[in-house]
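Participant: Would you be able to build a 3D model of this:
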Amino acid sequence: MCWVIVAAEAVAAGHKAKNPDKDLLELSSQELLDCCKEEEKQCYTYSIIKALKWIKSYGIMKEEEYPFKAHKCPCRHKTEKQKTLAVKIVDIQKVDHDNENELLMRVKEQPIACGLIVTKAFQELEGGIYEGSDELDLILQGKEKAYRHAILIIGFGYDEKEDKKYWIIKNSMAKIGECTDMPELLVSLVFQKAG
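Facilitator: Numbers count the residues shown, from 1 in each chain. Have a look, this model is predicted:
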């Protein structure tokens, strides 16, 4: 379910970046879960890009209009009035994950939605700088199974004591039947392209 949360938060963050005098919107991740693939009857994995394309086509309602249930429900289609009030996006731009300068420039403008490969070390991290692990190397070599997790890159920094650059992420770890926000984590450059 992480993709629905990240897609909604990325659009809300982009809206705020373009409208700094307005409050940060809370957009409906539940609408994405219910409506992106109506034929699905349970929670399902999906692409952040496909979710953003859905928002570009149909717009997204506010959280108060379509509250989060943390499980798949039948899609509640927008009324004509809701269609006119829905938050829409004009364009989706991919960022080259290998181009650190472009990534830095884009994160200065607004948070960036992306995916990363989840390792046991990442799941157990309670703070600090995550730099990958031997497990990540095995996953990248195809020797270990892994899954991707959607996150929002909200900033970056440099730890002088450790002499390391890092990304600051917002990590909304989804669990079956509930959704828990984990604390902000500092993550070094180990991101992979979202599928």
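Participant: count of residues packed around residue 147?
Facilitator: 10 (other C-beta atoms under 10 Å). C-beta here means a position set from N, CA and C on the backbone, and glycine is covered the same way.
Participant: Now do the same for residue 155: helix, strand or coil?
Facilitator: strand (DSSP: H, G, I helix; E, B strand; the rest coil).
Participant: scratch that, residue 108 is what I was asking about
Facilitator: Looking at residue 108 with three-state DSSP, the answer is helix.
Participant: and it, how many neighbours?
Facilitator: For residue 108, using other C-beta under 10 Å, the count is 10.
Participant: Check what pLDDT it gets.
Facilitator: Residue 108 is assigned a pLDDT of 92 by the prediction.
Participant: and what of residue 186?
Facilitator: pLDDT, residue 186: 41.
Participant: Also residue 94?
Facilitator: 86.
Participant: any idea which helix or strand carries the nearest residue to it once chain neighbours are set aside?
Facilitator: Distance criterion C-beta to C-beta, 6 or more residues apart in numbering; nearest residue to residue 94, sequence neighbours excluded, is residue 49 at 7.6 Å. Element membership for residue 49, per DSSP states H and E: helix 48-58.
Participant: What residues of that helix count as buried?
Facilitator: 48, 49, 51, 52, 54, 55, 58 (16 or more other C-beta atoms under 10 Å).
Participant: Correct me if wrong: the last one contacts residue 89.
Facilitator: No. Under the criterion of C-beta atoms under 8 Å, residue 58 lies out of contact with residue 89, with a separation of 10.7 Å.
Participant: So for these two, which residues contact both of them?
Facilitator: Residues touching both residue 58 and residue 89 (C-beta atoms under 8 Å, 6 or more residues apart in numbering): none.
Participant: tell me the SS of residue 4?
Facilitator: Per three-state DSSP, residue 4 ends up helix.
Participant: Contacts only, for it.
Facilitator: Contacts of residue 4 by C-beta under 8 Å, 6+ apart are 29, 30, 32, 33, 36, 46, 51.
Participant: how does it look with 10 Å?
Facilitator: Taking C-beta atoms under 10 Å, 6 or more residues apart in numbering, we find residue 4 in contact with 28-34, 36, 43, 46, 48, 51, 68, 150, 172, 174, 179.
Participant: Kindly report the same for residue 95.
Facilitator: 102, 103, 105, 106, 107, 112, 113, 114, 153, 193.
Participant: of all those residues, which two lie farthest apart?
Facilitator: Largest separation among the contacts of residue 95 by C-beta to C-beta: 105 and 193, giving 18.0 Å.
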